[in-house]
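K.L.:
Please find the sequence and the predicted model below.
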Amino acid sequence: MRPPAPLSPSSGLVLLLVFCPLLVVVHASSSKAESGHSTRLGDTDPDRCMRHHFVETITHPIYKCNSKMVLLARCEGHCSHTSRSDPLISFSSVLKQPFKSTCFCCRPHTSKLKAVRLRCAGGTRITATYRYILACNCEECS
C-alpha cells in the first residue's frame, strides 16, 4: 500500500482516511471564517442543528378526502455560535431599537417542493403542497 500524497499546505483542509474492511472514516476540518458555520464532518454532538424525519397525516380541513401519510423533515438542534446584543447610539431621545442583536438559528438550508394528491368524495382530487427539507444549517436569525 502506497502512502497517501500530502495535501497542499495552502488548502486549509486536513483530510484523514482510515481504511477498515467495513468502515471508512473521513475527518475534515475548516475554520469558521471559511465555512460560515461551525458544523464539521464527523461532528458527533447529538443535539447539533440537523434534519429530523417524522410522519404526518395530511387531511383536508373542509372536504371529505382520504388522508395520506407523508414523510416530512424539520430542522432542530442548537448552534454553537455565541449570541450577542450591542447597544445602539442615537442622537434622538426616542430609541425605537436600543440594541442590535446577533444570534444564530437552526434553519432549512435547502429544500424541495413536493405534492401529494388526496382523493375526495365524488371522485375529485385535491393537491396539497409542502417543502421537504434536504439540509439544515446554523444561520443568522432575522
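P.N.:
Looks like it came in fine. Just so it is clear, the structure is predicted and the values come from calculations on it, not from any experiment.
K.L.:
Pull the residues that contact stretch 70-79.
P.N.:
By Cβ atoms under 8 Å, 6 or more residues apart in numbering, the list of residues contacting stretch 70-79 from outside reads 37-38, 47-58, 104-108, 114, 116, 130, 132-134, 136, 138. Using the backbone N, CA and C atoms, a C-beta is placed for each residue, glycine as well.
K.L.:
Got the confidence number for the closest residue to V55 other than its chain neighbours?
P.N.:
Closest residue to V55 apart from its sequence neighbours, by Cβ to Cβ, 6 or more residues apart in numbering: M69 at 5.5 Å. pLDDT for M69: 95.
K.L.:
Show the contacting residues for M69.
P.N.:
V55, E56, T57, I58.
K.L.:
Could you look up the SS state of it?
P.N.:
strand (DSSP: H, G, I helix; E, B strand; the rest coil).
K.L.:
Bridged to it, which residues?
P.N.:
Applying DSSP bridges to M69 gives these bridge partners: T57.
K.L.:
repeat for the one 5 residues further on
P.N.:
The residues paired with R74 through beta bridges, assigned by DSSP bridges, are H52.
K.L.:
Can you give me the neighbour number for it?
P.N.:
Close neighbours of R74, defined as other Cβ atoms under 10 Å, add up to 13.
K.L.:
Pull out the buried residues from the strand or helix carrying K114.
P.N.:
If you go by DSSP states H and E, K114 is part of strand 104-119. For strand 104-119, the neighbour count (16 or more other Cβ atoms under 10 Å) marks F104, C105, C106, R107, P108, H109, L118 as buried.
K.L.:
what's the closest non-adjacent residue to the second one?
P.N.:
Meaning C105. Nearest non-adjacent residue to C105, counting by Cβ to Cβ, 6+ apart: C141, 4.4 Å away.
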